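>>> build the 3D model from these lines:
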Amino acid sequence: MSKYDSDRPTPFNDATEQKQKTEGYPSGGGGRMPLLIKLIGYFIFGGIFLMLIITVCAAVFLE
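Sure thing, here's the model as predicted:
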């Protein structure tokens, strides 16, 4: 077996095995945001977008 075999089923050494057991592997799926945080984000970004639209309309029509 080669020293640089990438298909090795066992960890390279004990330190790597300990790290894998302690930290684990990151999940690629990601998590979902809680509903309250989503609603706050929608409110903040929606408010910013609404203020932008009102500002543009006021600049165009009140000139």
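
>>> alpha carbons of stretch 50-63, as PDB, please.
Provided in PDB are the C-alpha atoms of stretch 50-63 (Å, rounded to 0.1, in the frame of the first residue of the first chain):
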ATOM      1  CA  LEU A  50     -40.000  50.500   0.200                       C
ATOM      2  CA  MET A  51     -38.100  53.600   1.300                       C
ATOM      3  CA  LEU A  52     -36.100  53.400  -1.900                       C
ATOM      4  CA  ILE A  53     -39.200  53.200  -4.000                       C
ATOM      5  CA  ILE A  54     -40.800  56.100  -2.100                       C
ATOM      6  CA  THR A  55     -37.600  58.200  -2.400                       C
ATOM      7  CA  VAL A  56     -37.400  57.600  -6.200                       C
ATOM      8  CA  CYS A  57     -41.100  58.400  -6.700                       C
ATOM      9  CA  ALA A  58     -40.800  61.600  -4.600                       C
ATOM     10  CA  ALA A  59     -37.700  62.700  -6.500                       C
ATOM     11  CA  VAL A  60     -39.500  62.200  -9.900                       C
ATOM     12  CA  PHE A  61     -43.000  63.500  -9.100                       C
ATOM     13  CA  LEU A  62     -42.300  66.300  -6.600                       C
ATOM     14  CA  GLU A  63     -39.600  68.000  -8.700                       C
END
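
>>> kindly provide the whole-number mean pLDDT of it.
Averaging pLDDT along stretch 50-63 yields 94.

>>> now that stretch, how far from the chain's geometric center?
34 Å (CA atoms, centre = their mean, to the nearest Å).

>>> and if you look at stretch 36-52?
19 Å.

>>> what's in contact with it?
With CB atoms under 8 Å, 6 or more residues apart in numbering as the test, stretch 36-52 has contacts from residue 33. C-beta coordinates here come from the backbone N, C-alpha and C atoms, glycine included.

>>> nice, that's everything, thank you.
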